[in-house]
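> One predicted model, sequence on top.
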Amino acid sequence: MNLVNLSKDKIEWILNKLFTIRFFETQIQKIAKEKTVPGYLHTYLGSEAIAVGVMSALNEDDWITSTYRNHGHAIAKGCDLKSMTSEIYGRSNGICKGKGGSMHISDFHKGMLGSFGIVAAGPPVALGAALQEKINKGSKMTASFFGDGAIHNGAFHEAAGLSKLLKVSLLFVCENNGYAEATATDWHLNTNKLTDITKSYDMISYTGNGMNVFEVHEITKKAIEESKLKNEPIFLEFKSYRYSGQYEGDNQLYQSLDEIKDAKKNDPIDLAFKVSQKFGFNEVEIEKIKAEALNNVQEAFIFASKQSWPKPEDALEDVYVNYPMDQIK
């Protein structure tokens, strides 16, 4: 693990994002239990290091696609916390005007092309973004996040095969958090290891510790350079552990308490905390970063809960066809 090329400012950014995601998702758990907002809520607890590590290696304007477990990606990509939270609350000033909710946080201005509730819906969209960069001689990188369950979906395989055939620079980022909904990876994987899936496409692949943000950063950084140099897609598997259930309220009977307890011994936040101390950060500095992240999250939730709801007529905006109200019978 090489931190020589990481500045103190970059490490501070990484810590801030890790703490922000952890505090944000903990608050999501709270409002889910209170039933403050309708619909399913999915948290990113345990996988924070993947989103932050990958995004720390990407440029600010690079493209990404995400999943219904997208809050961590959105925060690491720089989406506005207040707009994000307002979207989850379904308010009119949400990042998608309250029309997407928790599972569909998107912000084209930040390069976040979409968060998809359908498993494996992101890779084909990422392929389109990567292909247009090649056609238009652009320099932006594209990364698509998806879970281990998505590797059985035809959309993933179509995107993987075409990206190799068309020779585009694209990162397939597989977040292997141990479970595809309630099915453990070992139960649904029919190969010796997950990266075997890419052999049929002769695709370069790497596996890393998704609990270690600095390892994720280093692997991703090298993969970006290699992908651009060779004009090829690269598959990255980062292994983490999903602390929460498939959705908030899930009883998690398929996960033993001992298994969860053991996984938390390798908490990505604790690991980043320890490593950063070896590179010039003292506890006072880290606590200051932590306090700032907590304050920003608290402000975002207070702000969002006070915002106005969309008006009924707002449903007629942002659609392909819009008829005047007086013509609607």
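That came through, no problem. Note that the structure is a prediction, hence the values are computed from the model and not measured.

> can we go C-alpha only for contacts and neighbour counts from here?
Fine.

> got the residue ranges for the strands in the stretch 51-200 of the chain?
In the stretch 51-200 of the chain, strands defined by DSSP state E, counting those that start in this stretch lie at 63-67, 112-116, 142-147, 170-176, 179-180, 183-184, listed in chain order.

> In its sheet, which strands sit next to the fourth one, and in what direction?
Strands that pair with strand 170-176, judged by DSSP bridges, come out as strand 142-147 (parallel), strand 233-239 (parallel).

> would you turn the strands of the stretch 51-200 of the chain into CSV with mean pLDDT?
Output for the strands of the stretch 51-200 of the chain, formatted as CSV (pLDDT from 0 to 100):
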stretch, mean pLDDT
strand 63-67, 98
strand 112-116, 95
strand 142-147, 98
strand 170-176, 98
strand 179-180, 90
strand 183-184, 88
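
> In JSON lines: those, plus distance to residue 22.
Below are the strands of the stretch 51-200 of the chain laid out as JSON lines (distance: least, C-alpha to C-alpha, whole Å):
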{"stretch": "strand 63-67", "distance to residue 22": "18"}
{"stretch": "strand 112-116", "distance to residue 22": "19"}
{"stretch": "strand 142-147", "distance to residue 22": "19"}
{"stretch": "strand 170-176", "distance to residue 22": "17"}
{"stretch": "strand 179-180", "distance to residue 22": "20"}
{"stretch": "strand 183-184", "distance to residue 22": "24"}
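
> if I look at residue 60, how far off is residue 213?
Note on residue 60: its distance to residue 213, by C-alpha to C-alpha, to the nearest Å, is 18 Å.

> quick one on the thing from earlier: of the strands of the stretch 51-200 of the chain, which is nearest residue 272?
Nearest to residue 272, of all the strands of the stretch 51-200 of the chain, is strand 170-176, at 18.4 Å by C-alpha to C-alpha.

> Please work out which residues outside the helix or strand where residue 286 lies touch it.
In this structure, residue 286 sits in helix 283-305 according to DSSP states H and E. Where contact means C-alpha atoms under 8 Å, 6 or more residues apart in numbering, the residues beyond helix 283-305 that reach it are 12, 15-17, 19-20, 23-24, 81-83, 85-86, 89, 91, 273, 277.

> Buried among those? Need that as a selection in ChimeraX.
Under the burial definition 16 or more other C-alpha atoms under 10 Å, those of those that qualify are selected in ChimeraX by:
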select :12,15,16,17,19,20,23,24,81,82,83,85,86,89,91,273
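
> Please list the members of the contacts of helix 283-305 that lie in helices.
Secondary structure of the contacts of helix 283-305 is defined by DSSP state H; positions in helices are 12, 15-17, 19-20, 23-24, 81-83, 85-86, 273, 277.

> Quick check: closest non-adjacent residue to the residue nearest the centre of the chain.
The centre of the chain sits closest to residue 73, judged by C-alpha atoms, centre = their mean, with a distance of 3.0 Å. With C-alpha to C-alpha, 6 or more residues apart in numbering as the criterion, residue 73 has its nearest non-adjacent residue at 5.2 Å, and that residue is residue 51.

> just residue 132 next, same as before
Distance criterion C-alpha to C-alpha, 6+ apart; nearest residue to residue 132, sequence neighbours excluded, is residue 138 at 7.9 Å.

> Before we move on, what's the pLDDT of the residue nearest to residue 23 when sequence neighbours are not counted?
Spatially, and ignoring its direct neighbours in sequence, residue 23 is nearest to residue 294 (6.1 Å; C-alpha to C-alpha, 6+ apart). pLDDT, the model's per-residue confidence, is 98 for residue 294.

> any low-confidence regions in this protein?
1-4, 325-329 (pLDDT under 70).

> what about 50?
Counting by pLDDT under 50, the chain contains no low-confidence range.
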